[in-house]
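Colleague: the following block contains a protein sequence and its predicted model.
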Amino acid sequence: MAEDHVHALRIRLMGMGVQEPERLQPSSLSQDSEESSIQLLSPSAALQRLFGLLSRAAFGYSVLHIVAHRQLDSGWAIEEGNTADLAEELLKEYAHTAEVLETKGCELVVWELGRDGLPCRCICPSCSLGICLCWVHGQGTLAEARRPLLTGESTPTAGGFAVTPPRPDSVAVVAGFGQGDSIVAIDDHRVGGAETVNAMVGDFQKAISAHGPGETIRLQVRNASGGVRDVRLTRDVRTPPPKERRLAAIVFTDMVGFTALAQKDEARALELLEEHRSLVRAVLPRHGGREVKTIGDAFLLEFASALDATACALEVQRAVRKRNQIHRRDPIQLRIGIHVGDLVSMSGDIYGDAVNIASRIEPMAEPGGICVSQQVYDQIWNKVPAEITEMAKCRLKNVSAPIGVFRVSVPRSG
């Protein structure tokens, strides 16, 4: 799961043009000196260690979710492929896994106590019969302890939405909003009391959206000392960055074994990386391709047609093979994935399922090989000088329908 999450983050970073951090690797979850030592742990202690790592990852993604929203990298500006949605998806997977481990913890402790010759001594009715329900009670207590924090009147927003320092150029500043204020009502409707925090946020957003640009919104605001005042704001609607939707062929390339080589000989790995980039960039213009981004050892490329994309991929692999014939002791090997689909372009970046699918297909290629989706195959099957072999249909992570994948064999010559 961690490897899948790291892969998804790399794709998103590529779309944003952000250089990949050195520690963006699954192993970074367990590289702390305290946790990297090899030692024999009891099952419950091992479970506790893993639970701590999962919880830390979930907390990190919750922070990323907030930062993405505040930097307009969310669904308010980018419908698909934004960082906020990605962070939320990965957060839920870690949180769910942590919850599964947490519920198993009580059962595991009971097993360990029994193994160590410490039978149940409880005198409740069920335990008196020899039917120990202590671990079930432990699970129930855990669920009840958590529930008031997440629902009902005990939610963080039950008494209103706390106002963080508002944006300096906003109407809220003009209205006198400050730290410690809480919004308790909008248009005479109380804020809070919904089933979940997100439901309350959604209700509040809908109430604001019911007002057109320039219309007045009436709020009741409670200050830090408990006093309540009426505030009127004029709705200010911000225009998101312009975006374009189009159909394109997406090519995703990746160097085989780059991370391992970088750990062993960083200087040589960087030399091979630059050589790889030069090879790709020399071929790209001949097929009308556009270099969208590079991140780490990977390329994200865009083409007007599947045929152009495949022809470019074939020429790149042939160029790499020719290079390796000269440098046999220090080869470069690439995997390439190609997909055709609808994408959203904004400020030079591209987003959408097409990018995700291309990145998921790429690891299925053999070193030095190319894999394409069914959509690409339908457009190239009798137009490229290469043998194309159908692979079994597969389900790709975060893609609802099975995807047909085909392996394109790079000819030995030509």
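Modeller: Ah, there it is.

Colleague: how is this protein carved up into domains?
Modeller: Domains of the chain are assigned by automatic domain parsing as 2-31+40-151, 161-234, 244-408.

Colleague: how far does the shortest one stretch from start to finish?
Modeller: Its first and final residues considered, domain 161-234 spans 19 Å by Cα to Cα, to the nearest Å.

Colleague: then the longest one?
Modeller: In domain 244-408, first residue to last residue: 31 Å (Cα to Cα).

Colleague: do stretch 188-198 as well
Modeller: The first and last residues of stretch 188-198 sit 21 Å apart, counting by Cα to Cα.

Colleague: buried deepest among the domains of the chain, which one?
Modeller: Among those, the stretch with the highest mean neighbour count (mean count of other Cβ atoms under 10 Å) is domain 244-408, at a mean of 18. In short, each C-beta sits where N, CA and C put it, glycine included.

Colleague: so how far is that domain from its chain's centroid?
Modeller: In terms of Cα atoms, centre = their mean, to the nearest Å, the gap separating the centre of domain 244-408 from the centre of its chain is 21 Å.

Colleague: quick check: mean pLDDT of that domain?
Modeller: Taken as a whole, domain 244-408 has an average pLDDT of 88.

Colleague: residue contacts, Pro165?
Modeller: 178-179 (Cβ atoms under 8 Å, 6 or more residues apart in numbering).

Colleague: what kind of secondary structure is it in?
Modeller: The three-state label given to Pro165 by DSSP: H, G, I helix; E, B strand; the rest coil is coil.

Colleague: so what's it scoring on pLDDT?
Modeller: We have a pLDDT of 72 for Pro165.

Colleague: which helices and strands does the strand or helix carrying Leu108 pack with?
Modeller: Assigned by DSSP states H and E, Leu108 belongs to helix 83-115. Applying 3 or more Cβ pairs under 8 Å, 6 or more residues apart in numbering; DSSP states H and E, one finds that helix 83-115 contacts helix 2-16, helix 43-70, helix 134-150.

Colleague: TSV for the ones you listed, including distance to Pro385?
Modeller: Putting these into TSV (distance: least, Cβ to Cβ, whole Å) gives the following:
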stretch	distance to Pro385
helix 2-16	30
helix 43-70	44
helix 134-150	59
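
Colleague: possible to save those as a markdown table with mean pLDDT?
Modeller: Shown next, in a markdown table, are the helices and strands packed on helix 83-115 (pLDDT from 0 to 100):
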| stretch | mean pLDDT |
| --- | --- |
| helix 2-16 | 78 |
| helix 43-70 | 89 |
| helix 134-150 | 70 |
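
Colleague: so for Arg335, which of these sits nearest?
Modeller: Nearest to Arg335 among the helices and strands packed on helix 83-115 is helix 2-16; the distance by Cβ to Cβ comes to 12.6 Å.

Colleague: gap between the closest one and the chain center?
Modeller: 6 Å.

Colleague: ok and it relative to helix 43-70, angle-wise?
Modeller: Orientation of helix 2-16 against helix 43-70 (axes from the mean of the first three to the mean of the last three Cα atoms, to 10 degrees) gives an angle of 10 degrees.

Colleague: which strands and helices sit next to helix 2-16?
Modeller: Using 3+ Cβ pairs under 8 Å, 6+ apart as the contact criterion, the elements in contact with helix 2-16 are helix 83-115, strand 290-295, strand 298-303, strand 349-351, helix 353-361.

Colleague: now the first one against helix 353-361, angle please.
Modeller: Meaning helix 83-115. Following the same axes, to 10 degrees, one obtains 40 degrees for the angle between helix 83-115 and helix 353-361.

Colleague: mean confidence score for helix 83-115?
Modeller: Average pLDDT, helix 83-115: 86.

Colleague: immediately after the helix holding Leu108, which helix or strand?
Modeller: Using DSSP H and E, the next helix or strand after helix 83-115 towards the C-terminus is helix 125-128.

Colleague: dump that next one to PDB, keeping only the CA atoms.
Modeller: Backbone C-alpha positions of helix 125-128 (Å, rounded to 0.1, in the frame of the first residue of the first chain) are rendered in PDB as follows:
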ATOM      1  CA  PRO A 125     -21.800 -13.000  34.300                       C
ATOM      2  CA  SER A 126     -20.300 -14.100  31.000                       C
ATOM      3  CA  CYS A 127     -16.700 -14.600  32.300                       C
ATOM      4  CA  SER A 128     -18.100 -16.500  35.300                       C
END
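
Colleague: Provide the contact partners of that helix at residue level.
Modeller: 120, 132-134.

Colleague: what sits against the residue most central in space within the chain?
Modeller: Averaging the C-alpha coordinates of the chain gives a centre point, and the residue nearest to it by Cα atoms, centre = their mean is Leu86 (3.4 Å). For Leu86, the contact set (Cβ under 8 Å, 6+ apart) comprises 8-9, 12.

Colleague: just these now: which is nearest Ala365?
Modeller: Each of these was scored against Ala365 by Cβ to Cβ, and Ala8 proved nearest at 18.6 Å.

Colleague: now do that closest one against Ile357, distance only.
Modeller: From Ala8 over to Ile357 the distance is 12 Å, taken as Cβ to Cβ, to the nearest Å.

Colleague: now Ala77
Modeller: Plainly put, Ala77 is 23 Å away from Ile357 if you go by Cβ to Cβ.
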